[in-house]
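>>> this is a predicted model, with the sequence first.
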Protein chains: 2
Amino acid sequence: MSEIITEMVKEKINEFIDRSKDLGLKVTPQRIAIYKELASTDQHPSTETIYKKIKDYYPNISLTTVYRTLETFEKLGLISVVNVLYNAARYDANLDPHNHIVCTVCKKVEDVYDASLTTLDISDKTLGEYQIKGYSILLNGVCKDCRSN
Amino acid sequence: MSEIITEMVKEKINEFIDRSKDLGLKVTPQRIAIYKELASTDQHPSTETIYKKIKDYYPNISLTTVYRTLETFEKLGLISVVNVLYNAARYDANLDPHNHIVCTVCKKVEDVYDASLTTLDISDKTLGEYQIKGYSILLNGVCKDCRSN
DNA sequence: TCTTTAATGATAATGATTACTATTTCCAAA
DNA sequence: TTTGGAAATAGTAATCATTATCATTAAAGA
């Protein structure tokens, strides 16, 4: 189950350490482990998944720490969240072609009608081995209300 | 708090009833209420939000019913989920410009590198009153593994 | 080494969702 | 119309993801 730490990952970890120092973040073994696990995979893991991997060689790390740390990293731009709207399912009865814009602060979602964004053609190469059903574009920014507060 | 039910919404509800019958779904007052609430808003509400609205005039509706019903509607294509990956936060240490493809069955997420999708330019009109930070495209389909099972 | 401040671990609390089951209701067929 | 049975609902318990709290520990600069 142990992974090969490639040169590329080592390099990313070093960059991470440098950036942490610049940002005034303390460099702890937990943080290094968490970053390392995330930098070593392209699986876009959940918090739980990262926690379980680290547990193998760092058995007394706390799940809370992993949650807290990933959130910290994300806020500082050291990593990113794949799914900004992970909190609760959000539904839409509007089946017309359209996209969405989400406010990263209040999580409000608004419709975006822009024909140039609903008619992209996706190359077969891009799809790989997937049988495509569609795509959705999620713009993100800060809404007027959240900027004025 | 009561909403004006526009002609358009009435029409959508009628279509919904017809499609339900076609699909062999029983048409219950709960289902009509749930569909109506969703068709009456562009706020992309959560299950809880829909539940609370209906409670005002249908006090003994069950939250469970709202959860179950939205899921049913979604599976049959009567409505859609804005955020397919609503289950748990998923992280990425890869900050290079790229997009993602998600398998709608197993929720696996893979990277998509396609320059034509990372260099879209979004018109100011599209952004409305948002201060844009970026966008992400989520392709969706069924992966090879899930197709063969 | 010392100090102080941020980070961690353990646990409890909360929030979202799903599982379970007895009861009810839709609706097709008599 | 009534009725039988499958499907849907309500209510509750259980589970899963996440956040809050707080006492203890450890990083890193003086």
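Received it, and whenever you're ready, just let me know what you need.

>>> contacts for stretch A:21-29, please.
A:Ile17, A:Ser20, A:Arg31, A:Tyr58, A:Thr72, A:Leu76, A:Leu78 (C-beta atoms under 8 Å, 6 or more residues apart in numbering or on different chains). Heads up, the C-betas are built off the backbone N, CA and C, glycines and all.

>>> can you list the domain ranges for chain A.
According to automatic domain parsing, chain A comprises the domains A:7-75, A:99-148.

>>> what ranges in chain A fall below the confidence cut-off?
Across chain A, the ranges flagged by pLDDT under 70 are A:1-3, A:126, A:149.

>>> mind listing the strands for it?
Under the criterion DSSP state E, chain A contains strands at A:80-81, A:91-92, A:99-103, A:109-112, A:131-142.

>>> so which of those strands is nearest DNA strand D?
Among the strands of chain A, the nearest to DNA strand D by C-beta to the nearest atom of the strand is strand A:80-81 (9.2 Å).

>>> the helices in chain A, which residues?
For chain A, the helices defined by DSSP state H cover A:7-23, A:29-39, A:47-57, A:63-75, A:115-118, A:124-127, A:144-148.

>>> in the fifth one, what's buried?
This means helix A:115-118. Buried residues in helix A:115-118, counting neighbours by 16 or more other C-beta atoms under 10 Å in any protein chain shown, are found at A:Leu117.

>>> got a list of contacts for that helix?
Everything outside helix A:115-118 that qualifies as a contact, by C-beta under 8 Å, 6+ apart, is A:Pro97, A:His98, A:Asn99, A:Ile137, B:Leu120, B:Ile122, B:Ser123, B:Thr126.

>>> name the nearest of the residues you listed relative to DNA strand D.
A:Ile137 (22.5 Å).

>>> surely that closest one touches B:Gly134?
No. A:Ile137 lies out of contact with B:Gly134 (C-beta atoms under 8 Å); the separation is 10.8 Å.

>>> who's more crowded, these two?
A:Ile137 (21 against 12; other C-beta atoms under 10 Å in any protein chain shown).

>>> list the residues that contact the more buried one.
A:Asn99, A:His100, A:Val112, A:Leu117, B:Leu120, B:Tyr135, B:Ser136, B:Ile137, B:Leu138.
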